[in-house]
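Peer 1: have a look; sequence and predicted model below, questions after that.
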Amino acid sequence: MVGVVVISHSPRAAKGIRDIAVEMGSSDTRLVVAGGDVDGGIGTDPNAIAEAITEAAGVNDDHRSDENKTANDNPTQGEIDDVVLLVDLGSAVMNAELAIEMVTIDNTVHIADAPVLEGALNATVEASSSKATVESVIAAAEDAREYSKIN
């Protein structure tokens with residue numbers, strides 16, 4: 001399986017994106033959010049992102065906070081092989097890259113070059129497939145770049 005992390009400068013936006021992805025996509029995916037700075041304001045925090053990556057990878061499942069619940073209510077530790085990150089703005093990429101360097105897991109972590117909402121929805125649906133790979137989840141997320149909202 002592949003875990004998904006939504007990273008947003010806004011804690012409320014990150015949680016809202018997770019809610020939409022679960023409602024419209026799938027609740028069978030480990031979908032974790034990291035939103036806001038260390039004080040809960042607008043920004044991103046590499047430590048929170050690193051924690052979300054670790055959680056999406058299936059590490060420390062027994063220590064999940066209510067604020068950062070995954071989409072999957074009963075995840076199994078060790079179930080996740082890789083993690084795909086979706087970010088809202090460019091500076092979040094910098095903190096995501098720093099967080100990737102901070103984590104000490106064997107899993108592969110990738111940042112998808114995708115719009116965060118549509119990409120999260122696509123990634124969540126793809127990651128719920130038993131045949132999903134990190135490559136297929138990234139491709140599904142990045143396919144969202146081509147969506148046209150009007151004809």
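Peer 2: Happy to help now that I have it.

Peer 1: all helices for this structure, in order.
Peer 2: Using DSSP state H, the helices of the chain run over 11-24, 46-56, 90-102, 116-127, 134-143.

Peer 1: for R30, find the nearest of these.
Peer 2: helix 46-56 (5.4 Å; CB to CB). Where C-beta positions appear, they are placed from N, C-alpha and C, glycine not excepted.

Peer 1: average pLDDT across that closest one?
Peer 2: Averaging pLDDT along helix 46-56 gives 96.

Peer 1: for that helix, packing partners?
Peer 2: Applying 3 or more CB pairs under 8 Å, 6 or more residues apart in numbering; DSSP states H and E, we find helix 46-56 packed against strand 2-8, strand 31-35, strand 82-87, helix 90-102.

Peer 1: now with 6 Å, please.
Peer 2: strand 2-8, strand 31-35, helix 90-102 (3 or more CB pairs under 6 Å, 6 or more residues apart in numbering; DSSP states H and E).

Peer 1: residues in contact with that helix?
Peer 2: Under the criterion CB atoms under 6 Å, 6 or more residues apart in numbering, residues 3, 5, 7, 30, 32, 34, 83, 95-96, 98-99, 102-103, 109 lie in contact with helix 46-56.

Peer 1: buried subset of those?
Peer 2: G3, V5, I7, R30, V32, A34, V83, N95, A96, A99, V103, V109 (16 or more other CB atoms under 10 Å).

Peer 1: report the contact partners of the last one.
Peer 2: V109 makes contact with I53, V83, I100, according to CB under 6 Å, 6+ apart.

Peer 1: with pLDDT added, can I get the buried ones among the contacts of helix 46-56 in CSV?
Peer 2: Below are those laid out as CSV (pLDDT from 0 to 100):
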residue, pLDDT
G3, 94
V5, 97
I7, 98
R30, 91
V32, 96
A34, 98
V83, 96
N95, 97
A96, 97
A99, 97
V103, 93
V109, 95
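
Peer 1: done for today, thanks.
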